[in-house]
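In: Need coordinates for the below:
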Amino acid sequence: MLEVGSALKGYAIEASDGRIGTVDDFLFDDRTWKIRWLVVDTGSWLTGRKVLIHPSAIGRADYERRQLSVSLTKSQVKGSPDLLQDQPVSQQMERSLYDYYGWDPYWGSSNFGMGLIEAPLSPSAYFAETALHENADIVLGLNDGDPHLRSIAAVTGYHIHASDGHIGHIENFLIDDVSWGIRYLIIDMKTGGPGSTC
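Out: Residues are numbered from 1 along each chain as shown. The predicted structure follows:
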């Protein structure tokens, strides 16, 4: 099922023994358009801490209750490697998480990039050409971060340029809640928009 990315923000994350927090953001690979991590705000349970959850741990979504179940326990999440606030997610951090939970870093790789988005310009090339202006400290482009890992929150508002000029800006994303791939971009084609120079 396709879901609007912003609608999933705030969904409760339910472990096998209770709630661990809410969806704060999604991190995706700009080469494949696959979601690699859910960023979960643990709220008052683990005050001031955010954790990363791999899509392979997510069960079916409950849209009525606005929650996602995960095949984890609260003690597992509590003992997981710390995600440093306002720092890019390094490849070392990802390896630590894969090792800690026993997650497969190649989960879903057979579907990576297969017919998700048809565009004349690859995602990597687009993001390489697009400067991370005011949002640069939120995503990557910093020394030790994975250069292909992008935050949906930070990329929202990016300008979209066709071969013959500006056509709008990214307003939202449609995400497949089974494969956890970004299937479509929702583009606001009105003149103007966040940071517009039109």
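In: can you give me the strands for this structure?
Out: Listed in chain order, the strands of the chain (DSSP state E) span 2-4, 12-15, 18-29, 34-41, 50-53, 58-62, 67-70, 149-151, 159-162, 165-176, 182-188.
In: With residue 79 as the reference, name the closest of the ones you listed.
Out: strand 50-53 (10.5 Å; Cβ to Cβ). (C-beta placed from N, C-alpha, C; glycine too.)
In: Quick check: which helices or strands does the closest one pack against?
Out: Contact here means 3 or more Cβ pairs under 8 Å, 6 or more residues apart in numbering; DSSP states H and E; on that basis strand 50-53 packs against strand 18-29, strand 34-41.
In: Which among those is found nearest to residue 189?
Out: Checking the helices and strands packed on strand 50-53 against residue 189 by Cβ to Cβ gives strand 18-29 as the closest, at 22.6 Å.
In: returning to what we had before: dump the helices and strands packed on strand 50-53 into CSV; add mean pLDDT as well.
Out: Output for the helices and strands packed on strand 50-53, formatted as CSV (pLDDT from 0 to 100):
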stretch, mean pLDDT
strand 18-29, 95
strand 34-41, 94
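In: Single out the most deeply packed of the ones you listed.
Out: strand 34-41 (a mean of 22; mean count of other Cβ atoms under 10 Å).
In: quick one: contacts of that strand?
Out: 13, 20-29, 50-55, 58, 68, 83, 89, 94, 108, 111-113, 149, 151, 175, 179-182 (Cβ atoms under 8 Å, 6 or more residues apart in numbering).
In: Run the chain-centre distance for that strand.
Out: 5 Å (Cα atoms, centre = their mean, to the nearest Å).
In: quick revisit: out of the strands of the chain, which gets nearest to residue 103?
Out: strand 50-53 (9.5 Å).
In: That closest one pairs with which strands?
Out: Paired strands of strand 50-53, with direction, are strand 34-41 (antiparallel) (DSSP bridges).
In: by how many degrees do the partner strand and strand 165-176 diverge?
Out: Using axes from the mean of the first three to the mean of the last three Cα atoms, to 10 degrees, the direction of strand 34-41 lies 70 degrees away from that of strand 165-176.
In: ok, now how distant is residue 104 from residue 78?
Out: 23 Å (Cβ to Cβ, to the nearest Å).
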